[in-house]
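Asker: mind looking at a prediction? Sequence and model below.
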Amino acid sequence: MTSIVHYWGRRDTVRADAFRLSIGVSIVIGGVIGWGLMPEPRAIDGALVLSGMIKYPPGSIQGIYFHNVWTFIHQILSIPLALGGDQAAVANTFNALLGAVMFTGLALVTLALTESIVLAVTSPLLIMFSNFWLVWSDYPILFFASHSYGQLGLAACVLSIGLLGNGRPFAAGVVAGILPSVHSVWGGWTIAIILAAGGLLNTYFCVSRKQLAAGVATGLAVSAVSFGWFVRQRLSIPSGGDPALLQLWMDLWEHHRSLPYKPRTIFLTSLFMCGAWMLFDAAKRAGRIRVAGMTIMLFVTAAAAQVLYELAHHAGRYLPDLVVNAMPGRLVNLHFLLAYPALLALMAARTSTILPLAVSLPIMAFDRKLFHAGYLFLVLFFGAIHFSELKGRLNRFACVRAWRESPPPVNRIVTAIGIIGVVWSAIVVRGMMATPEAYCTNEVIDDCRAPAIFQQLSGTAIKGLVAAPAGLALTMHRHGHQPVIAGASGLDFVAYLPGTVTSMRDMLEAVYGIDFANPSEEIRGKPYLLPGQGKRHWASLTSTDWEKLSDRFCIGAVLVPEDWQINLLPTVDGNQITLYVFPWLLPSRCMVADHPSESSL
């Protein structure tokens, strides 16, 4: 085990300059990637409502959701929007923050395990481009996706662990304490993990328990302020819910708790645990106490996550609603995300790197994105840097001296390959940033083209809610700034707000023509409606039918793609979309508290 001592050295605390440099570089890289590559986040939709830019009438299930979901993300984003800030700039700033947290957390965990700045600042890039860990996760929390809450929740959890692993207990506690206000489930897991690490495993971590507790208390104070804000802005909803309807919802509609079971998860978790135990043994022998503590923490967390995953998939019907709503299986995301940093540490600790490489590369190859030339080069490029770093070839610029001492033809070939690869990868990344089809689509009108298309509706007054098919409803909410009957979020909030289940059933059956008790296979178990849902039903409705629906559900207009048939006279017959504004008056209950639910596009 001499190699681990040689690589890690004999210090137990990462140098302050390495810590600061890793944070600084990761914030810049993650922030730039978040600003430039991530699509508009879902969190912006709730922020538009809390800021007052979109007002929902009382009783609207979509409005009830936005006002009754507690997340600090909605609250903090609503402030600049309420002050007149540009929506795109607010969304991009959030994405930059999200990218910075993601990259910094991964960098700090890698730094704590390997003490290498090179590995720390480049590992997040390789993980992002390969996405090999996402293939196995129970719930999709992607780099290039709009899942704001799960993304930031997992990223902040990793950041808290990374801070603790680098001997910063107060900062780790603050992040963990704030996290419940961002994502309550990840907040709970994170607090439990770091308190257990700082308490039960403090023999390994050697951190101040008082500082850790003070950090958690400080963060929880921020969460308490956020919760008080939430209580003030929440709307009353019917208590409880019809138990029979709720059971139907959980059996036929609920998505988060009906994801397919993946038997390979237990194999990969077992593989991770074996590697973690090998790393724990090597670190303990080499006197790397804190690394040993982090490894045993990940080992126990992975074991607990797999047990919860099995329970969620095989005994979910028998678990309490509180446990089921927390989606216990999602904890497997944590150790799959940290698999690569742990693999680097294992390769640093063992004299032979053949076994870890033989295990990791086939797993990465499962991701078809790797067959794209640009992605493949980036993965191989960073992989080569990591391999060289682990072998000590980058220490004191040894790789530069080796390059100078090699024969001239080899120099030219290597240089040419490097330049071509970097340029090609830059073209690929630039193409991702410039191609709306890749990162801006929502199945009807992509977010990049929506503002221009909605200019056609400028000045059109609309009272009440807008009925629109899925995708287009989200675009109407996000870019038309109009309240919609459904579609501005998923339908999966019923599990958290069971009092809305009756209203959800009535809306699905009356407005979209869907049999709540017997949905078609194409939408069963999905948290959203499909873009074509309601097309045939709406074509069969007469003007009288629409007037009845308007009175019952506070609908004031219908927005559909241009090829849909609606038996009404169009108000705006534009490019790609057609808007029908109803001429009849809405009942008084469809008015919001401070002014009628009427606005102009």
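Answerer: That came through, no problem. Since the model is a prediction, treat every value here as computed from it, not as a measurement.
Asker: so how far is residue 299 from residue 504?
Answerer: 42 Å (CB to CB, to the nearest Å). Yep, even glycine has a C-beta here, placed from its N, CA and C like the rest.
Asker: likewise residue 289?
Answerer: According to CB to CB, residue 289 and residue 299 sit 15 Å apart.
Asker: swap in residue 522?
Answerer: 42 Å.
Asker: so where is the stretch 1-150 of the chain shaky, pLDDT-wise?
Answerer: 1-15, 129-146 (pLDDT under 70).
Asker: which parts of it are helices?
Answerer: Secondary structure of the stretch 1-150 of the chain by DSSP state H, counting those that start in this stretch: the helices cover 2-8, 16-37, 43-50, 61-68, 72-82, 87-114, 117-130, 148-165.
Asker: just name the most buried of the ones you listed.
Answerer: The highest mean neighbour count among the helices of the stretch 1-150 of the chain, using mean count of other CB atoms under 10 Å, belongs to helix 148-165: a mean of 26.
Asker: counting contacts, what elements does that one pack onto?
Answerer: Here helix 148-165 touches helix 72-82, helix 87-114, helix 169-182, helix 184-199, helix 289-314, helix 332-337, going by 3 or more CB pairs under 8 Å, 6 or more residues apart in numbering; DSSP states H and E.
Asker: quick one, that helix and helix 169-182 angle?
Answerer: Orientation of helix 148-165 against helix 169-182 (axes from the mean of the first three to the mean of the last three CA atoms, to 10 degrees) gives an angle of 170 degrees.
Asker: restricting to C-alpha, output helix 148-165 in CSV.
Answerer: Once side chains and other backbone atoms are set aside, the C-alpha atoms of helix 148-165 remain, and they are given as CSV (Å, rounded to 0.1, in the frame of the first residue of the first chain):
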residue,chain,number,x,y,z
SER,A,148,-34.8,22.7,-10.9
TYR,A,149,-35.8,21.3,-7.5
GLY,A,150,-34.2,17.8,-7.7
GLN,A,151,-31.1,19.2,-9.5
LEU,A,152,-30.4,21.8,-6.9
GLY,A,153,-31.3,19.5,-4.0
LEU,A,154,-28.9,16.8,-5.0
ALA,A,155,-26.2,19.4,-5.9
ALA,A,156,-26.5,21.1,-2.5
CYS,A,157,-26.3,17.7,-0.8
VAL,A,158,-23.1,16.9,-2.5
LEU,A,159,-21.8,20.4,-1.7
SER,A,160,-22.5,19.9,2.0
ILE,A,161,-20.7,16.6,2.0
GLY,A,162,-17.8,18.1,0.1
LEU,A,163,-17.5,21.0,2.6
LEU,A,164,-17.5,18.5,5.5
GLY,A,165,-14.9,16.3,3.9
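Asker: I'd say residue 245 and residue 501 touch.
Answerer: Yes. Under the criterion of CB atoms under 8 Å, residue 245 makes contact with residue 501 at 4.7 Å.
Asker: flag every buried residue along stretch 502-518.
Answerer: The neighbour-count criterion (16 or more other CB atoms under 10 Å) identifies 503, 504, 505, 507, 508, 511, 512, 514, 516 as the buried residues of stretch 502-518.
Asker: er, stretch 541-557 I mean
Answerer: Along stretch 541-557, the positions that meet the burial threshold by neighbour count (16+ other CB under 10 Å) are 541, 546, 549, 550, 553, 554, 555, 556, 557.
Asker: same deal with stretch 559-571?
Answerer: For stretch 559-571, the neighbour count (16+ other CB under 10 Å) marks 559, 560, 561, 564, 566, 568, 571 as buried.
Asker: next: stretch 211-231.
Answerer: Taking 16+ other CB under 10 Å as the basis for neighbour counts, the residues of stretch 211-231 that come out buried are 211-216, 219-220, 222-223, 226-227, 229-230.
Asker: what's the closest of the buried residues of stretch 541-557 to residue 346?
Answerer: Proximity of these to residue 346, judged by CB to CB, is greatest for residue 553, which lies at 57.7 Å.
Asker: per-residue pLDDT, the most centrally placed residue in the chain?
Answerer: With the centre of the chain defined as its mean C-alpha position, the nearest residue by CA atoms, centre = their mean is residue 151, 2.5 Å away. With respect to pLDDT, residue 151 has a value of 87.
Asker: do residue 456 as well
Answerer: What the model reports for residue 456 is a pLDDT of 68.
Asker: if we can go back for a sec, show me which pair in the buried residues of stretch 502-518 is furthest apart.
Answerer: Of all pairs drawn from the buried residues of stretch 502-518, the greatest distance, 14.2 Å, lies between 503 and 514 (CB to CB).
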